[in-house]
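1. below are the sequence and a predicted model; questions follow.
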Number of protein chains: 2
Amino acid sequence: MARPMLWQQIASNLAADIERGDYVPGDQLPTERVLAERFEVNRHTVRRAIQSLVEKGLIRSEQGRGTFVTDIVIEYLVSSRTRFAENVVAADYDPSSKPVRVKTIPSPPAVARALVIDIGDPVILIETLGMADGHPVSLSAHYFSEARLSGIDQMYLQTQSITQALYRLGVVDYFRESTAITTRLPSRRESRHLNQPISQPILVAHSLNIDAAGRVIEYAEGRYAGLRVKMLVRPR
Amino acid sequence: MARPMLWQQIASNLAADIERGDYVPGDQLPTERVLAERFEVNRHTVRRAIQSLVEKGLIRSEQGRGTFVTDIVIEYLVSSRTRFAENVVAADYDPSSKPVRVKTIPSPPAVARALVIDIGDPVILIETLGMADGHPVSLSAHYFSEARLSGIDQMYLQTQSITQALYRLGVVDYFRESTAITTRLPSRRESRHLNQPISQPILVAHSLNIDAAGRVIEYAEGRYAGLRVKMLVRPR
DNA sequence: ACGTATTTGTTCGTATGTATC
DNA sequence: GGATACATACGAACAAATACG
């Protein structure tokens, strides 16, 4: 029997530390020199261990900076049928979501313009937190015209799915008409929900969804954790 | 004839200041109190003037912060034929660009992967600063395989246009195959070139351009001033 | 704007243990 | 046993990128 090699022992040690949460995604690992001292081996041996973890995708090294635990990265495909859960599944993570706020409010100007209603007309706001493997990824505010889709708030609370809620209200399918992507620093509230530092920028996507007949269904403002999300566009 | 109202005189005064460049996009105007003193009118009168300029879209006021000259906002359409100049013209600004760096380097891993060459193979880097009405908007690094497009650096320096340079090398047209959009804070160098604070996030777009035959032509990393750029996606 | 310290990346050389013929 | 090839591990030095005052 081959006895386990030194570098493999070190690799599984480090992997266990990461698994246990000693180091969370984005954290910097100790330097190679420090690890070499801790494990009482040569730096080469530590490097061999690190290399194997990099190949596994668990960590990433950056020359001159350090070695870091890999962040969860969702490649968020912006297409005509953009759905949160599908994108997370495609990235091989476990999707989940929960309501943050559900309420009816007078529509702000930007929302009214998008939904083609008058400013102040009642709109239903459903704000959701989307997660991948339990890590928050997106905080999305979905706006619906109360006049057109009355009761969607109740349907959503029952089904926990906007697609499902729309379906029960007769919207069998809907499409992404346009998406405008910007960036800014998060508010305190946003940084709290997305569990990321207030100094880390977020991606902001304003999108308009229409049904098969071209009627405006939903206007949404999605805020995405900049560290964990990449928007992928394949143009027509 | 109705003689001009006080608030209108003040409004056109302020508009002229802005037109003349006393205040550039993003600048904060003096507070309402200060303006009231300067024009020797009541604050209400200043407010009426400001309101009219806000409606014209020239300035924007933020409760508790101040009044600011509207930033230039480019709606950058991500499509199969994405060209910088065309996007700037569509937003009604005057496009220009200048080279920042032109050099041949061994290809870094990410570039090699995108261009389907070996790591370290020579690539030509052309870095350009794109401007709208003289305000920097994008800092883009364009990578070309030296083996495939030898001499494009010289062509670019002659024509000052990447599209033109490619044309002279036999690439009559090219298309955007994919674009990945992320965000982060700028480096010192980037913030300097884009003339924006280091604390303001930038949009980062990694894109791949191919020719009509589907051959990879160019890999680019565009960095866009977050304050002045909105990426617009119309999915297929 | 520029040097200094830190950190990863690369390349030498050397020694040792293991498997194979 | 002997010769060879190969992988593992250690040591030292330098290169390249980065961070920071």
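-> Everything's here; your move.

2. what does the pLDDT read for A:Asp153?
-> Looking at A:Asp153, its pLDDT is 96.

3. could you do A:Arg223 as well?
-> 95.

4. which strand or helix spans it?
-> strand A:216-225 (DSSP states H and E).

5. list the helices and strands that strand packs on?
-> In terms of contacts (3 or more CB pairs under 8 Å, 6 or more residues apart in numbering or on different chains; DSSP states H and E), strand A:216-225 is packed against helix A:109-115, strand A:135-145, helix A:162-168, helix A:188-194, strand A:202-211. To be clear about C-beta, it is placed using only N, CA and C from the backbone, and glycine gets the same treatment.

6. quick check: angle from the helix or strand that comes right after the second one to strand A:216-225?
-> Heading C-terminal from strand A:135-145, the first helix or strand you meet, by DSSP H and E, is helix A:152-159. Interaxial angle of helix A:152-159 relative to strand A:216-225 (axes from the mean of the first three to the mean of the last three CA atoms, to 10 degrees): 60 degrees.

7. who touches helix A:152-159?
-> A:99, A:102-104, A:124, A:126, A:144, A:162, A:164-166, A:168-169 (CB atoms under 8 Å, 6 or more residues apart in numbering or on different chains).

8. go again using 10 Å as the cut-off
-> A:99, A:102-104, A:124-126, A:128, A:142, A:144-146, A:149, A:161-169, A:171, A:217-218 (CB atoms under 10 Å, 6 or more residues apart in numbering or on different chains).

9. contact partners for the residue nearest the centre of chain A?
-> The centroid of chain A falls nearest to A:Val137 when counting by CA atoms, centre = their mean (2.3 Å). Contacts for A:Val137 (CB under 10 Å, 6+ apart) come out as A:72-74, A:76, A:84, A:87-88, A:91, A:93, A:95-97, A:129-131, A:194-195, A:222, A:224-225, A:227-229.

10. give me the neighbour count for the residue in chain A positioned nearest to DNA strand D.
-> Nearest residue of chain A to DNA strand D: A:Gly64, at 2.3 Å (CB to the nearest atom of the strand). Using other CB atoms under 10 Å in any protein chain shown, A:Gly64 has 4 other residues around it.

11. isn't A:Ala83 up against A:Gln164?
-> Slight slip there: residue A:83 is Arg, not Ala. No. Using CB atoms under 10 Å, A:Arg83 is not in contact with A:Gln164, being 11.4 Å away.

12. more neighbours, these two?
-> Shown here are A:Arg83 and A:Gln164; by other CB under 10 Å, A:Arg83 has more neighbours (16 against 13).

13. give the contact list for the more buried one.
-> Here A:Arg83 is in contact with A:Leu77, A:Val89, A:Pro95, A:Ser161, A:Ile162, A:Thr163, A:Tyr174, A:Arg176 (CB under 10 Å, 6+ apart).

14. and it, how far is that from chain B?
-> Using CB to the nearest CB, to the nearest Å, we find A:Arg83 at a distance of 12 Å from chain B.

15. show the model's pLDDT score for that residue.
-> pLDDT, A:Arg83: 83.

16. and which of the contacts of A:Arg83 is nearest to chain B?
-> A:Arg176 (5.2 Å; CB to the nearest CB).

17. who are the contact partners of the closest residue to A:Ile18 other than its chain neighbours?
-> Leaving aside its sequence neighbours, A:Ile18 sits nearest to A:Val69 (CB to CB, 6 or more residues apart in numbering or on different chains; 5.7 Å). Applying CB under 10 Å, 6+ apart, we find A:Val69 in contact with A:14, A:17-18, A:22-29, A:53, A:58-60.

18. what about 6 Å?
-> A:Ile18, A:Tyr23, A:Pro25, A:Asp27, A:Ile59 (CB atoms under 6 Å, 6 or more residues apart in numbering or on different chains).

19. so which residues on chain A come close to DNA strand D?
-> A:5-7, A:40-42, A:44-45, A:48, A:62-65 (CB under 7 Å from any atom of the strand).

20. next, find the distance separating A:Ser107 from A:Ile162.
-> 18 Å (CB to CB, to the nearest Å).

21. please apply the same query to A:Ser97.
-> Where A:Ile162 is concerned, A:Ser97 sits at a distance of 9 Å (CB to CB).

22. the two: which has the busier surroundings?
-> More crowded of A:Ser97 and A:Ile162, by other CB under 10 Å: A:Ile162, with 24 against 19.

23. residue ranges with poor pLDDT in chain A?
-> Applying pLDDT under 70 to chain A flags the ranges A:1-4, A:235-236.

24. which parts of it sit against DNA strand C?
-> Close to DNA strand C, as judged by CB under 7 Å from any atom of the strand, chain A has residues A:2, A:29, A:31-33, A:44, A:47, A:50, A:61-67.

25. these in strands, which ones?
-> In strands, judged by DSSP state E, the following of the residues of chain A next to DNA strand C are found: A:Ser61, A:Glu62, A:Gly66, A:Thr67.

26. give the buried subset of the residues you listed as a ChimeraX selection command.
-> The buried subset of these, as determined by 16 or more other CB atoms under 10 Å in any protein chain shown, is captured in ChimeraX by this line:
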select /A:67
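
27. can you confirm A:Leu129 is in a helix?
-> No. Counting by DSSP: H, G, I helix; E, B strand; the rest coil, A:Leu129 is not found in a helix; it is strand.

28. how many neighbours does it have?
-> 18.

29. next one: A:Arg47
-> 16.

30. next one: A:Ala213
-> 6.

31. now do the same for it: helix, strand or coil?
-> A:Ala213 - assigned by three-state DSSP - is coil.

32. would you mind measuring from it to DNA strand C?
-> 54 Å (CB to the nearest atom of the strand, to the nearest Å).

33. try A:Leu185
-> When A:Leu185 is compared with DNA strand C (using CB to the nearest atom of the strand), they lie 24 Å apart.

34. wait, doesn't A:Trp7 sit right on A:His44?
-> No. A:Trp7 is beyond contact range of A:His44, at 8.6 Å (criterion: CB atoms under 6 Å).

35. quick one: which of these two has more around it?
-> Neighbour count, other CB under 10 Å: between A:Trp7 and A:His44, A:Trp7 has more, with 19 against 11.

36. so which other helices or strands are in contact with the helix or strand just after the strand holding A:Arg223?
-> Using DSSP H and E, the helix or strand that directly follows strand A:216-225 along the chain is strand A:229-233. In this structure, strand A:229-233 packs against strand A:74-78, strand B:174-184, with contacts taken as 3 or more CB pairs under 6 Å, 6 or more residues apart in numbering or on different chains; DSSP states H and E.

37. would you mind giving these as JSON lines with mean neighbour count added?
-> Shown next, in JSON lines, are the helices and strands packed on strand A:229-233 (neighbours: other CB atoms under 10 Å in any protein chain shown):
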{"stretch": "strand A:74-78", "mean neighbour count": "21"}
{"stretch": "strand B:174-184", "mean neighbour count": "20"}
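
38. out of those, flag the one nearest A:Gln200.
-> With CB to CB, the closest approach to A:Gln200 among those belongs to strand B:174-184: 8.1 Å.

39. the closest one to strand A:216-225, inter-axis angle?
-> Using the same axes, to 10 degrees: strand B:174-184 against strand A:216-225 is 60 degrees.
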